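Asker: Structural data only, the sequence is not supplied:
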Ligand SMILES: NC(=O)c1ccc[n+]([C@@H]2O[C@H](COP(=O)([O-])OP(=O)(O)OC[C@H]3O[C@@H](n4cnc5c(N)ncnc54)[C@H](OP(=O)(O)O)[C@@H]3O)[C@@H](O)[C@H]2O)c1
């Protein structure tokens with residue numbers, strides 16, 4: 001399969017790229033922005049990995065990837081990028097412009113990339129979209145996560161429209177909502193907070209990007225009957 005992972009240079013995206021490229025029949029394209037060196041070293045590991053520079057905040061680079069996607073003949077799109085920090089200020093202290101800016105940086109590029117992918121999927125009557133959300137859509141979000149969780153909720157709702165409009169074209173859209181993982185996104189967290197999270201975790205250990213990547217591989221390999229699923233990975237701390 002030809003697969004595009006957005007944000008594959010670090011964290012969860014990198015684990016997804018690794019896991020999917022272990023299957024030799026797959027050709028894995030991934031985007032990167034700041035971590036060019038990491039991206040190049042991932043590419044050097046295997047022949048079936050291709051890195052593409054795309055800064056979601058740069059309209060020209062988003063235009064460029066939108067135009068290139070038809071050439072990749074994609075079967076699978078994995079929407080994984082998150083631009084900016086997950087944690088901000090209390091809702092009442094957050095400037096309203098920041099909601100718009102984050103929407104522009106996260107949702108609009110994801111919409112444009114997904115539209116481009118869907119055009120190809122419709123033509124070949126096959127496609128899979130996998131959206132990386134957050135378990136905070138189920139669990140109560142921590143203080144300061146209003147922009148982040150609102151963006152993820154928007155993407156979750158878009159996924160339902162993709163289900164409604166494209167199931168007949170044999171295109172699926174599924175979501176994965178992981179709980180906290182140690183990645184660059186969670187870098188600035190106090191060690192004591194991390195220890196506390198570990199101690200109250202039912203398994204006494206934090207979720208890893210590799211464990212989430214396994215679920216992505218499952219969805220990539222699964223039947224097209226699996227459509228509209230939302231896999232929440234939170235060790236049953238909260239259930240729908
Ligand atoms: N960590 C968690 O606790 C957690 C929990 C649930 C869900 N998630 C989700 O998992 C996904 C991956 O996050 P992560 O935890 O793996 O953090 P991460 O390592 O920081 O990954 C974020 C990715 O987004 C890319 N990115 C950031 N700014 C960008 C920009 N302006 N343009 C294009 N790409 C940009 C980064 O690329 P560069 O590094 O190359 O710039 C990186 O590949 C996100 O959707 C996040 O919401 C994370």
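Answerer: Alright, I've got the coordinates. Note that the coordinates shown come from a computational prediction; the quantities given were computed from them, not determined experimentally. Numbers count the residues shown, from 1 in each chain.

Asker: Go through the chain and flag its longest helix.
Answerer: Determined from DSSP state H, the single longest helix within the chain is helix 146-166.

Asker: residues touching residue 77, list them.
Answerer: 3, 4, 6, 113, 114, 117, 127, 128, 129, 130 (CB atoms under 8 Å, 6 or more residues apart in numbering). Any C-beta I mention is one placed from the backbone N, CA and C, and that applies to glycine too.

Asker: Now with 10 Å, please.
Answerer: The neighbours of residue 77, taking CB atoms under 10 Å, 6 or more residues apart in numbering as the test, are 2-6, 29, 69, 110, 113-114, 116-118, 120-121, 127-131, 171, 173.

Asker: Inside strands: which ones of those residues?
Answerer: Secondary structure defined by DSSP state E assigns 2, 3, 4, 5, 29, 127, 128, 129, 130, 131, 171, 173 of the contacts of residue 77 to strands.

Asker: thinking again about what came up before, avg pLDDT for the longest helix of the chain?
Answerer: On average, the pLDDT along helix 146-166 is 98.

Asker: Please compute how far it lies from its chain's middle.
Answerer: Centroid separation for helix 146-166 versus its chain: 12 Å, with CA atoms, centre = their mean, to the nearest Å.

Asker: other SSEs contacting it?
Answerer: If contacts are counted by 3 or more CB pairs under 10 Å, 6 or more residues apart in numbering; DSSP states H and E, helix 146-166 sits against strand 76-79, helix 96-102, helix 108-124, strand 127-132, strand 171-178, strand 230-233.

Asker: Now render the ones in strands among the contacts of residue 77 as TSV, adding distance to residue 148, neighbour count and pLDDT.
Answerer: Below are the ones in strands among the contacts of residue 77 laid out as TSV (distance: CB to CB, whole Å; neighbours: other CB atoms under 10 Å; pLDDT from 0 to 100):
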residue	distance to residue 148	neighbour count	pLDDT
2	30	16	98
3	25	26	99
4	23	26	99
5	20	29	99
29	26	23	98
127	27	24	98
128	25	25	99
129	21	25	99
130	19	24	99
131	14	22	99
171	27	23	99
173	21	26	99
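
Asker: Can you add distance to the ligand and give these back as a markdown table?
Answerer: Shown next, in a markdown table, are the ones in strands among the contacts of residue 77 (distance: CB to the nearest ligand atom, whole Å):
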| residue | distance to the ligand |
| --- | --- |
| 2 | 20 |
| 3 | 15 |
| 4 | 13 |
| 5 | 9 |
| 29 | 13 |
| 127 | 20 |
| 128 | 17 |
| 129 | 14 |
| 130 | 11 |
| 131 | 9 |
| 171 | 21 |
| 173 | 15 |
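
Asker: re the thing from before, buried ones in the longest helix of the chain?
Answerer: Going by neighbour count (16 or more other CB atoms under 10 Å), the buried part of helix 146-166 is 146-149, 151-152, 155-156, 158-159, 162-163, 166.
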